[in-house]
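Q: give me a model of this one.
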Amino acid sequence: MDAHPIVSREAWLAARQALLRQEKDFNRACDALSAQRRAMPWVRVDQAYRFETPQGTASLADLFTGRSQLLIYHFMFPEVWADGCKSCSFWADNFNGIEVHLAHRDVTLTLMSRSPLAKLTAFKQRMGWTLPWASSLGSEFNFDYQVSFTDEELAAGDVTYNYERRKFPVVEAPGISTFIRNEQGEVFHTYSCYARGLDMLNGAYHLLDLMPKGRDEDGLPYSMDWVRLRDRY
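A: Model prediction:
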């Protein structure tokens, strides 16, 4: 940081205005990309998935809770883990409290994991979240949406994640999937993304990107090595 250029206010303003032009170009490109995302074709969901929720056993259609749009965050929490994923918890910290705003735009947001509901509920209470959380334990949902992998796949080093065949180090991965339900009650899968595509959902990272040190992750064993569960810092 000591070698960073120091300039006059006038020179800073000129640099800032040049950057602003690039930021506006970037925002227009993001708007165009979002329009392409919304124009993606849909796939009808015919599988009869069943989930466990605090309200009882639910279908995928039930998770919409009367709205027409559903956003699921695939939260890494396999049955054998004592705690939920620290990185997914970082994302969930960013989501908590926004569900009421999304609901007023006809969107239901829910977390989804393969641990038993009781474990999810206890961890949710520990983290102080109000977000809905459903268990997909016993369902093929996580496997169909490519965020859970079998022991055989991991042993063979051949799983599908982020739309490519690859090796993967753990039994689960993060992602989001979005769905829409029409007036006839039919459900359609509209979008999923994984890996770095999830950065757009993390407001804390966007705030860090504004700061002089940025995310400050260079030199770490991996990018989110610094992240802890909120009660373990």
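
Q: from Gly128, how far off is Trp42?
A: Going from Trp42 to Gly128 by CB to CB, to the nearest Å gives 36 Å. Every residue, glycine included, has its C-beta placed from N, CA and C.

Q: equivalent analysis for Ala3, please.
A: With distances taken as CB to CB, Ala3 is found 42 Å from Gly128.

Q: between these two, point out the one with more neighbours.
A: Higher neighbour count among Ala3 and Gly128: Gly128, with 10 against 4, using other CB atoms under 10 Å.

Q: can you get me the start-to-end distance on stretch 111-129?
A: End-to-end span of stretch 111-129 (CA to CA, to the nearest Å): 11 Å.

Q: I meant to write stretch 219-227 there.
A: For stretch 219-227, the end-to-end distance is 14 Å (CA to CA).

Q: identify the residues contacting that stretch?
A: Stretch 219-227 is contacted from outside by Lys86, Ser87, Phe90, Arg215, Asp216, Glu217, using CB atoms under 8 Å, 6 or more residues apart in numbering.

Q: in that stretch, what counts as buried?
A: Of all the residues in stretch 219-227, those buried under the rule 16 or more other CB atoms under 10 Å are Val227.

Q: and it, how far out from the chain middle?
A: Chain-centre distance of stretch 219-227: 19 Å, with CA atoms, centre = their mean, to the nearest Å.

Q: start the count at 59, not 1, going forward
A: Sounds good: first residue 59 from here, last item stretch 277-285.

Q: distance between the ends of stretch 274-283?
A: End-to-end distance of stretch 274-283 (CA to CA): 11 Å.

Q: same deal with stretch 151-165?
A: Using CA to CA, the two ends of stretch 151-165 sit 18 Å apart.

Q: tell me which residues in it are buried?
A: Along stretch 151-165, these residues count as buried under the neighbour rule (16+ other CB under 10 Å): Asp151, Asn152, Phe153, Glu157, Val165.

Q: the lengthiest helix in the chain - contacts with which helices or strands?
A: Longest helix in the chain, counting residues (DSSP state H): helix 67-96. Counting contacts by 3 or more CB pairs under 8 Å, 6 or more residues apart in numbering; DSSP states H and E, helix 67-96 is packed against no other helix or strand.

Q: sounds good, over and out.
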